[in-house]
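Engineer: Build me a model from this:
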Amino acid sequence: SKHQDPQLLRQLYQALDQPQEVACLGILDAYKVQDNVRRRRGLEQAAALFAQSKDEGAKAMGKTTEEQLRLLEVQEELEKATGRAVFADASLSETVRLCFVLNQHKRGHRLAKDMKVSDKLFWWLRVSGLAEGHEWGELEKLSKEKKVPPIGFEPFVEACIRESRNDEALKYAAKVTDMTRRAELCVRMGMLREAAEAAVQARDRDLLQSIKGKATAPGDVAFIDNLMAQSTSF
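Structural biologist: Residues are numbered from 1 along each chain as shown. Sure thing, here's the model as predicted:
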């Protein structure tokens, strides 16, 4: 039962020669402590116990535990390098993302490669991290690494909006090829003229009318009315 004494359970599993069960208890104990030295020791012991088992599941758990040890080591290095205590208990994805928030790009690249982070996820993490770190030049450079990023341009727009940088967001919104989606993103930024132009390109009069309904500035209303007058073919 969940209320049983972990020490008694450990002794029982040892008596039954079930090293993988002892290892699982060790991992649970390791994550109850905040002291990284003790946590590392617990994980190392667990990895050694998994290695004793011939069970394929236990071997997989052993590999995962070794990866967690590597992550713990990298997180300690990052805390020393940045002087920021933000890496404790962070997941692999969050650790990689924080590397780009805190200008630790090389470490972020190396960690993602070592831990086999998928290409698309790595793009997402870099975009989010660079935007949160306000590294707008690096974000623009990333957007040009490929003709079209594997995640498209929308995540770039979203990341800039989160940081209240609509001027930066507009650069990437202009590259979103789905005109309906571009219009919606421009509405979120309060850029109603750009949204209306995208709605015209999408040939969506209902969307154009909806955008007009959000306009309060006389100049915006007049601009959209003019577009509507010119766009009679849809």
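
Engineer: Going by contacts, tell me the helices and strands next to the helix or strand harbouring residue 38.
Structural biologist: In this assignment (DSSP states H and E), residue 38 forms part of helix 36-52. Under the contact criterion of 3 or more C-beta pairs under 8 Å, 6 or more residues apart in numbering; DSSP states H and E, helix 36-52 touches helix 19-30, helix 56-82. C-beta coordinates here come from the backbone N, C-alpha and C atoms, glycine included.

Engineer: Throw those helices into CSV and include mean neighbour count, thanks.
Structural biologist: Formatted as CSV, the helices and strands packed on helix 36-52 follow (neighbours: other C-beta atoms under 10 Å):
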stretch, mean neighbour count
helix 19-30, 20
helix 56-82, 16
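
Engineer: will you turn these into a markdown table that also has mean pLDDT and distance to residue 129?
Structural biologist: Formatted as a markdown table, the helices and strands packed on helix 36-52 follow (pLDDT from 0 to 100; distance: least, C-beta to C-beta, whole Å):
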| stretch | mean pLDDT | distance to residue 129 |
| --- | --- | --- |
| helix 19-30 | 64 | 28 |
| helix 56-82 | 85 | 13 |
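
Engineer: For those helices, could you give me JSON lines that also reports distance to residue 158?
Structural biologist: Formatted as JSON lines, the helices and strands packed on helix 36-52 follow (distance: least, C-beta to C-beta, whole Å):
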{"stretch": "helix 19-30", "distance to residue 158": "36"}
{"stretch": "helix 56-82", "distance to residue 158": "25"}
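
Engineer: Tell me which residue lies nearest the centroid of the protein.
Structural biologist: residue 125 (4.0 Å; C-alpha atoms, centre = their mean).

Engineer: so which strand or helix has that one?
Structural biologist: Element membership of residue 125, judged by DSSP H and E, is helix 119-132.

Engineer: Looks like the residue nearest to the centre of the chain contacts residue 117 (just checking).
Structural biologist: Yes. Using C-beta atoms under 8 Å, residue 125 is in contact with residue 117, at 7.5 Å.

Engineer: Between these two, which contacts overlap?
Structural biologist: 93, 96 (C-beta atoms under 8 Å, 6 or more residues apart in numbering).

Engineer: what's the closest of the helices and strands packed on helix 36-52 to residue 143?
Structural biologist: Comparison of the helices and strands packed on helix 36-52 against residue 143 by C-beta to C-beta identifies helix 56-82 as nearest, at 25.2 Å.

Engineer: After the closest one, which helix or strand is next?
Structural biologist: Once helix 56-82 ends, the next helix or strand along the chain (criterion: DSSP H and E) is helix 92-101.

Engineer: So for the helix holding residue 125, mean pLDDT?
Structural biologist: Average pLDDT, helix 119-132: 98.

Engineer: Please apply the same query to stretch 96-112.
Structural biologist: Averaging pLDDT along stretch 96-112 yields 97.
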